[in-house]
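Enquirer: sequence unavailable; structure follows:
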């Protein structure tokens, strides 16, 4: 997801399920993967060896940050990305967050952190764009 690498598939594409096809052809996720800067994401916080992982990645337009919240637990959990963890020290920065798996911009504006529920063995991926500095 956040590896900045060529897109390769090692399967028979004739037998892909519709769900798999939707996942691998998500244009917003591909745009993150193919961002021209080509910087790898970095793990910015981990809670428990195999529980929660948070990753951050700066996109080509330097004011946008990708936040990936990965829940490896067998139950759904609330997860939080703090601005300081992902490279923004200003807690005054108000941002909008676009869920790029769901293709929706969240109605809530966030300041200092973004908290959301992440289903078991799932992830949420947001593009965070500052509205103020």
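Expert: Everything's here; your move. Computed from a predicted model, the values in this text were never measured in an experiment. Numbering: from 1, shown residues only.
Enquirer: you'd agree residue 31 is in a helix?
Expert: Yes. Under DSSP: H, G, I helix; E, B strand; the rest coil, residue 31 sits within a helix.
Enquirer: neighbours of it, just the number please.
Expert: By other CB atoms under 10 Å, 14 other residues sit near residue 31. Every C-beta, even on glycine, is put in place using the N, C-alpha and C of the backbone.
Enquirer: ok, now how distant is it from residue 103?
Expert: 12 Å (CB to CB, to the nearest Å).
Enquirer: also residue 23?
Expert: Residue 23 sits 13 Å away from residue 103, taking CB to CB as the criterion.
Enquirer: cool, and residue 112?
Expert: For residue 112, the distance to residue 103 under the criterion CB to CB works out to 26 Å.
Enquirer: higher neighbour count, the two?
Expert: Set residue 112 next to residue 103 and count neighbours by other CB under 10 Å: residue 112 wins out with 15 against 10.
Enquirer: my guess is residue 114 contacts residue 127, does it?
Expert: No. Under the contact definition of CB atoms under 8 Å, residue 114 does not touch residue 127, with a separation of 11.2 Å.
Enquirer: and for these two, which residues touch both?
Expert: 67, 97 (CB atoms under 8 Å, 6 or more residues apart in numbering).
Enquirer: just the strands in the chain please.
Expert: When assigned using DSSP state E, the strands of the chain occupy the ranges 42-47, 52-58, 65-71, 77-82, 94-99, 104-105, 110-111, 113-118, 122-130.
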